[in-house]
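Undergrad: test case, fold it:
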Amino acid sequence: MKNLIILLCLVTVFIGCDKNYIANTPTKFTGCRISKIVQYPLDSNNNNAYFFQYNADGTVSKIYSISKLYSEYNHLISFTYNTNFIIAITNYQISPSYVNNDDSIALDTQNRIINITNRSGGHGYLQNYSWETYSYNTTGNLQGITYFLYGQQSIDTLNWQNGDITNYYTNTNVSSNKNTYTYFYYDTVYNTGNITAEINNLISYGRSIYNSTHLLKYKITQTGNVKDTTKYTYQIDNAGKITSINQKYILTDSTTLIYYECE
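TA: Purely as a prediction, here's the structure:
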């Protein structure tokens with residue numbers, strides 16, 4: 001009930017920010033879509049909740065983010081859609097008129113993200129902060145991400161097999177801060193209803209950037225000669241949709257709960 005009261009307050013604060021539109025007449029969405037995501041870290045008293053609103057065609061129109069412990073991080077992301085790009089504007093509850101982030105998400109003819117440019121600031125003084133570009137292989141899988149931050153460039157590379165990421169290499173073009181992630185999967189297909197996106201992509205951009213076909217079982221992280229393992233377990237509903245993701249990493253234990261509305 002407390003989260004619901006906070007959400008209603010956020011709706012009241014941000015109601016004047018709705019300027020979203022879709023370039024073409026949308027097709028009515030039918031099916032199940034994510035209505036809320038709640039993330040619980042090791043300390044279950046500190047959770048983050050994300051509430052989703054949608055356009056008629058099923059694309060995300062707004063995301064309300066509420067932090068139980070850090071209310072200054074409460075924010076609203078509003079999405080505007082055009083033929084080949086998306087604008088995502090973030091306003092924080094502490095100062096709703098102040099735009100803290102403005103993400104411009106460019107799409108190719110296959111509706112894949114090829115560039116994200118982030119500007120931060122506010123009151124008309126947004127400055128270029130960072131951007132990244134995405135490249136794909138001949139089978140359509142993401143193979144490289146190039147990041148630009150403070151004039152520095154870094155590159156991540158990905159390997160795939162049977163629709164799943166097998167290896168992810170970060171900072172492959174620099175001599176330090178390199179990490180290698182090796183992935184192992186269950187046979188179960190990844191299913192979150194309307195948008196089969198990595199959770200972090202969904203709560204940031206309202207859509208998928210890349211996603212493996214099957215449920216991740218565990219991943220091995222290697223930094224230098226040090227290896228650590230993160231294990232994943234899931235709860236699935238009768239329709240095959242993920243309702244809970246548990247992640248164990250050394251002493252860290254976190255849970256993500258996913259809620260749906262169907263029509």
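
Undergrad: pretty sure Ser35 is touching Phe51, no?
TA: Yes - Ser35 lies in contact with Phe51 (Cβ atoms under 8 Å); the separation is 7.2 Å. Any C-beta I mention is one placed from the backbone N, CA and C, and that applies to glycine too.

Undergrad: more crowded one of the two?
TA: The neighbour count for Ser35 versus Phe51, taken as other Cβ atoms under 10 Å, is higher for Phe51 (22 against 16).

Undergrad: who's in contact with that one?
TA: Leu7, Ser35, Lys36, Ile63, Tyr64, Ile66 (Cβ atoms under 8 Å, 6 or more residues apart in numbering).

Undergrad: which residues does the nearest residue to Gly193 once chain neighbours are set aside bridge with?
TA: Excluding its sequence neighbours, the residue lying closest to Gly193 (Cβ to Cβ, 6 or more residues apart in numbering) is Cys32, at 4.0 Å. Beta-bridge pairing of Cys32 under DSSP bridges involves Cys262.

Undergrad: tell me the contacts of Cys32?
TA: The contact partners of Cys32, by Cβ under 8 Å, 6+ apart, come to Gly193, Asn194, Ala239, Lys241, Tyr260, Glu261, Cys262.

Undergrad: list just the nearest of those residues to Leu251.
TA: Nearest to Leu251 among these, counting by Cβ to Cβ, is Lys241 at 29.9 Å.

Undergrad: what number of residues lie near the closest one?
TA: Residues lying near Lys241 (other Cβ under 10 Å) number 18.

Undergrad: same question, the one 10 residues further on
TA: Neighbours of Leu251 under the rule other Cβ under 10 Å: 6.
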